[in-house]
Each structure stands twice: as C-alpha cells, then as structure tokens.
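# need a structure here:
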Amino acid sequence: ATALSPPPPGARPTPGAVPAEADANVVAVFSSALRRGRWRAGRRLHAYAVFGSVEIDLSEAIFEYQQVVIKAVAVFGDVRIRVPENISLRGTGGGVLGSFEVSPLDSVDSAAPVVYVDGWAVLGSVEARPKRGKRVADILDRVHDKVDRKLRRHLGH
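This next block holds a predicted model:
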C-alpha cells in the first residue's frame, strides 16, 4: 500500500487526520434536535442528548471528507445516526445501564466515506445503522453534475 492509498475500513483515523474541534454540535437537553437533508457533514460532529433525543441523518449529506468522526453521548436520552448503505461504518463505545449499538458496514468501494461513531450511553441509547435505499454515490453524482454545470457556465462554454 502506498502512502496515498485510503486506509482500510476498520482502521482508525491517524492522529491529527481529523481535528479535535467539532465542525458542528447537535445538542438536545430536555428536547429533541435533528440534522438531516442536504448538509455538509464536515470531519467531526458532536451529538449530546441529555434527557432528550438527537437524530443525525447522513443519508443525504454531502461528504467533503472521506473520514467523518461522530462523538455521541446520551445521558437519559438517545442519539440515532443513519448513514447511506454503501459507506463504511465503525463504532467504539459502551453503555452504562444503557445501550451502544453500531451496525458495522464495509463498503466495497475503497474511496467511499468512512463514518466512525465514538461515545457512550448512560441510562440511554446510541444507535447507528444504514438507512435502506439511500446510497451516497447517487448524491455525489448529482453534486458533481451541479459543479460541472456551474464551471461550464462560469467559463462560458
């Protein structure tokens, strides 16, 4: 493997590859918070549910980076994460009188995004799994088409 080849799906991001600072925080305290639709996933996302619920739906998100880390913490609450079916998904964490469940996925495409879910649940739950029928390639194709059209318009072709 060369230095430029993508990491194997099970590998953790190398130290410094993903910044420690979150690109976005999704917080629910005695409430619910939702992030879905067309949005830029960034490299790191923190989700906190305290006596509340957080849903993060990446099924239509724009993946600008190959590696995305989600830190999910649920205390008397729940965090639900949905991803496209054709990416890789990994999770490390645990539950204290709660559940931490990440359905591992291995994409056949080595260039597909890899989402890592880290965290813990205390008297609550963290769950990450694929959303049926949603595939990241379809979305990437649409984004590339849009960019191509803008470039052509800009260049006057």
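# and K134, what does it touch?
Counting by Cβ atoms under 8 Å, 6 or more residues apart in numbering, K134 makes contact with 59-60, 82, 84-85. C-beta: built from backbone N, CA, C; applies to glycine.
# Just want the most central residue of the chain.
V115 (4.8 Å; Cα atoms, centre = their mean).
# where exactly do the strands run in the protein?
Along the chain, the stretches classed as strands by DSSP state E are 24-29, 32-35, 44-50, 53-57, 67-75, 78-83, 88-96, 99-102, 114-122, 125-130.
# Could you verify my assumption that G94 touches F100?
Yes. With contact defined as Cβ atoms under 8 Å, G94 counts as touching F100 (5.3 Å).
# For those two, work out which one has more neighbours and name it.
Between G94 and F100, F100 has the larger neighbour count (other Cβ atoms under 10 Å), namely 23 against 12.
# on that earlier part again, would you reformat the strands of the chain as TSV and include mean pLDDT and distance to A17?
Converted to TSV, these look like this (pLDDT from 0 to 100; distance: least, Cβ to Cβ, whole Å):
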stretch	mean pLDDT	distance to A17
strand 24-29	93	18
strand 32-35	96	23
strand 44-50	97	11
strand 53-57	98	21
strand 67-75	97	6
strand 78-83	98	19
strand 88-96	96	14
strand 99-102	97	20
strand 114-122	97	11
strand 125-130	98	20
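# Switch these over to CSV; also include distance to L155.
Conversion of the strands of the chain to CSV gives the following (distance: least, Cβ to Cβ, whole Å):
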stretch, distance to L155
strand 24-29, 33
strand 32-35, 35
strand 44-50, 35
strand 53-57, 35
strand 67-75, 32
strand 78-83, 35
strand 88-96, 36
strand 99-102, 44
strand 114-122, 34
strand 125-130, 38
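# Many thanks, have a good one.
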